[in-house]
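A.B. asks: Output the structure for:
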Amino acid sequence: MLTDAQCRNAVCSPGSKRERFSDAGGLYLEVSPAGSRRWFWKYRKDGKEGRLALGSYPQVTLTAARKARDAARLQKSEGIDPAKARKLEKLVNPTGVADTFKAVALEWYEKQVPRWSPGHAERMHRQLERDLFPWIGDREMTQIQPMELLAVLQKVEARGAVETADRALMLARQVWRYWLPTASNTQRDITEGLKARLTPYRGANFPAIVEPQRFGELLRAMYAYKGGPFVRTALLLAPLLYQRPGNLRMMEWRELELDASLWTIPSFKMKRTVQEKENGEPHVVPLPKQAVAMLRELLPLSGRGRYVFPGQRDHDRPMSDNSVRTALYSLGFGDEQSWHGFRASARTMLVDQLDLDPLAIEANLAHAVKDANGRSYNRTKYLAKRFDQVQQWADYLDCLREGSTAIELHTRVG
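C.D. replies: Reported below is the predicted structural model:
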């Protein structure tokens, strides 16, 4: 049988998804890698194994968990399936101790982890531990008031982390919405309305120039950039290909078919769920002739290595994610145009200036899109249309860089 000390010190072994510590009579404590500890009672009914959740430790103590198990066993002896008929507050929580924010948040977190990439899961857990748990982690969900949560978020803002405070609110909102279906009817989502009390944050809208004349000025400055060949080429390809910065800087020679004008990015490199990374199709990027020419110029410089854009000090690693950003600031455009913002620039001007097919645009951006009938857009089937689109875009950028007028642009590109 378990002791309270064993419950306090129970940890999940490295590499395990979760670990069980048995007590008696089917009762056990399940520990996750994230550190949550939850009670379960294992039983059999009609020849099938079932299990009943009895709450989180230490909110539900060892003694309380045993009482909950005994209450469930009594129900079962009367022919009642505890998992279907239990009254949550009396059975799961016989001591009257409600779920704490930390217990609920960790339970929600564990259910999301299979859908997330390891990096995203780590960031979410780190934010919970740093920004929310120290202040409201041990507070009962039913007792936390809106102004109390707002004060916690304002502590984050006070250190200058406006974006982080916004994300912490979104995190808290998801925890509350996860908990509410099991709470009493008198409970509500206390996160409602709090966003208006925080410092406005623009979210993921990266700075992007969408006015053609100003974008032409940016292109002329970029072509005059005097930095190294790798940063310069990455800088020029950023608006031309409008792919995510991480994909561009980690481009590998083996992903390129220059004779076929194709760049195939493996699924595991894409911004997708864990399942999609493992089982999804690669993202195929059509290359305009201007991009192919730029990449051929780099072949003698990095073609023997893995990365098209190797790091400055270590050629076995890709270039820094700050490389293009620093170049944009050195050109005087850092506050107007971000590396990631080239995607928004392209998306806006492709529609507003060139009037091209929005579905093909979204496909080139690697966004999940559906046609008018709700069918997933077949990127391979419409590859020819996407080739035509990227070439029109590349030619349009040449026109902007040369300072062509609106009439000349329509004649040369249209």
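
A.B. asks: looking at this, Trp263 is in a strand?
C.D. replies: Yes - residue state for Trp263 (DSSP: H, G, I helix; E, B strand; the rest coil) corresponds to a strand.

A.B. asks: show me the contacts for it.
C.D. replies: The contact partners of Trp263, by Cβ atoms under 8 Å, 6 or more residues apart in numbering, come to Leu241, Met251, Glu255, Leu256, Glu257, Val284, Val285, Leu287. The C-beta positions use only the backbone N, C-alpha and C, and glycine is treated the same way.

A.B. asks: For it, list each beta-bridge partner.
C.D. replies: Here Trp263 sits in beta bridges with Leu256, Val285, going by DSSP bridges.

A.B. asks: State the pLDDT value of it.
C.D. replies: What the model reports as pLDDT for Trp263 is 96.

A.B. asks: Relative to Trp39, how far out is it?
C.D. replies: According to Cβ to Cβ, to the nearest Å, Trp263 stands 52 Å off from Trp39.

A.B. asks: Equivalent analysis for Ile190, please.
C.D. replies: When distances are taken as Cβ to Cβ, Ile190 and Trp39 turn out to be 27 Å apart.

A.B. asks: circling back to that earlier point, buried subset of the contacts of Trp263?
C.D. replies: Leu241, Met251, Glu255, Leu256, Val284, Val285, Leu287 (16 or more other Cβ atoms under 10 Å).

A.B. asks: For the stretch 101-250 of the chain, which segments count as strands?
C.D. replies: Secondary structure of the stretch 101-250 of the chain (DSSP state E, counting those that start in this stretch): no strands located.

A.B. asks: Contacts for stretch 265-276 next, please.
C.D. replies: Contacting residues not belonging to stretch 265-276 are listed as 114-117, 243-244, 246-247, 250, 255, 277-285, 366 [Cβ under 8 Å, 6+ apart].

A.B. asks: Got a quick ChimeraX command for the buried subset of those?
C.D. replies: The following ChimeraX line selects those of the contacts of stretch 265-276 that are buried, judged by 16+ other Cβ under 10 Å:
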select :117,243,244,247,250,255,283,284,285,366
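
A.B. asks: picking that back up, quick one: which of Ile190 and Trp39 has more around it?
C.D. replies: Trp39 (26 against 18; other Cβ atoms under 10 Å).

A.B. asks: With adjacent residues omitted, what lies nearest to that one?
C.D. replies: Leu54 (3.8 Å; Cβ to Cβ, 6 or more residues apart in numbering).

A.B. asks: Surely the one you found touches Phe40?
C.D. replies: Yes - counting by Cβ atoms under 8 Å, Phe40 is a contact partner of Leu54 at 6.4 Å.

A.B. asks: Now do the helices in the stretch 301-414 of the chain.
C.D. replies: For the stretch 301-414 of the chain, the helices defined by DSSP state H, counting those that start in this stretch cover 323-330, 341-352, 358-364, 383-402, 406-413.

A.B. asks: Buried residues in the third one, which are they?
C.D. replies: Taking 16+ other Cβ under 10 Å as the basis for neighbour counts, the residues of helix 358-364 that come out buried are Leu359, Ala360, Ile361, Glu362, Ala363, Asn364.
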